[in-house]
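# Let me see the structure of the following:
(chains A and B)
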Amino acid sequence: GENVEQHPSTLSVQEGDSAVIKCTYSDSASNYFPWYKQELGKRPQLIIDIRSNVGEKKDQRIAVTLNKTAKHFSLHITETQPEDSAVYFCAASRGDNFNKFYFGSGTKLNVKP
Amino acid sequence: GAGVSQSPSNKVTEKGKDVELRCDPISGHTALYWYRQSLGQGLEFLIYFQGNSAPDKSGLPSDRFSAERTGGSVSTLTIQRTQQEDSAVYLCASSFDRGDTEAFFGQGTRLTVV
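Next up, the predicted model:
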């Protein structure tokens, strides 16, 4: 099955700086890579996703890049704000029928004011 | 409903008792997932239902755990003879039938075994 590894486990940045979280996956058939944000005591919520037919996707201050050859994808947050503080999970799936998501172990991001 | 609904929100039970956790997915979603999240930890996959296919139970940690999904909608996760290590937040998620669409999570059930 798929194995998703996520680094770092914790990340502390100063407000305004950029944050980068990296994930690797093992199944070359995976082609859908969502990122979820989980604020303290809340449910995980999708913030951005990317499919294997594109290499990069941006949405305001967040972006995701995908390298299918190397089997890794990354989340980039620019101009970080205190409200970005949360746990971020990457995931991978094959995107076909009868498929499930494999989640990374999570990164706790702390943005210091 | 508007989102994935789980009940109860919190459950405190005595060690050795059985508990049932309920998940009501978004209408029309054929895929349903159960995850377990211990304090400060990641999302541990438990079980996955997809339509009428046999569920993927590969994540269930022991035979004390079981789940069913009736009528392709509501799901119940049952933990028999609860142990203290079962204490965690149990999250349910649902999505449309393909694995490349957003999974929506419920708010979770916080289970405490005393």
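# so how many other residues sit close to residue 110?
Since you didn't name a chain, this refers to chain A. Residues within reach of residue A:110, counting by other Cβ atoms under 10 Å in any protein chain shown, total 14. For every residue, glycine as well, the C-beta is placed using N, CA and C.
# Chain B, not that one
Counted with other Cβ under 10 Å, the neighbours of residue B:110 add up to 17.
# isn't residue A:37 right up against residue A:45?
Yes: using Cβ atoms under 8 Å, residue A:37 is in contact with residue A:45, at 5.8 Å.
# who has more neighbours, these two?
Between residue A:37 and residue A:45, counted using other Cβ under 10 Å, the more crowded position is residue A:37 (20 against 13).
# After the helix or strand the more buried one falls within, which helix or strand is next? Please name it.
Using DSSP states H and E, residue A:37 sits within strand A:32-38. Where DSSP H and E defines the elements, the next helix or strand beyond strand A:32-38 is strand A:45-51.
# Show me which helix or strand of chain A is least confident by mean pLDDT.
strand A:102-103 (a mean of 90; mean pLDDT, DSSP states H and E).
# other SSEs contacting that one?
Judged by 3 or more Cβ pairs under 8 Å, 6 or more residues apart in numbering or on different chains; DSSP states H and E, strand A:102-103 is in contact with strand A:86-92.
# Give me the contact list for the strand it packs on.
The contact list for strand A:86-92 (Cβ atoms under 8 Å, 6 or more residues apart in numbering or on different chains) reads A:2, A:4, A:6, A:21, A:23, A:25, A:27, A:30, A:32-40, A:44, A:47, A:73, A:75, A:101-104, A:106-109, B:42-43.
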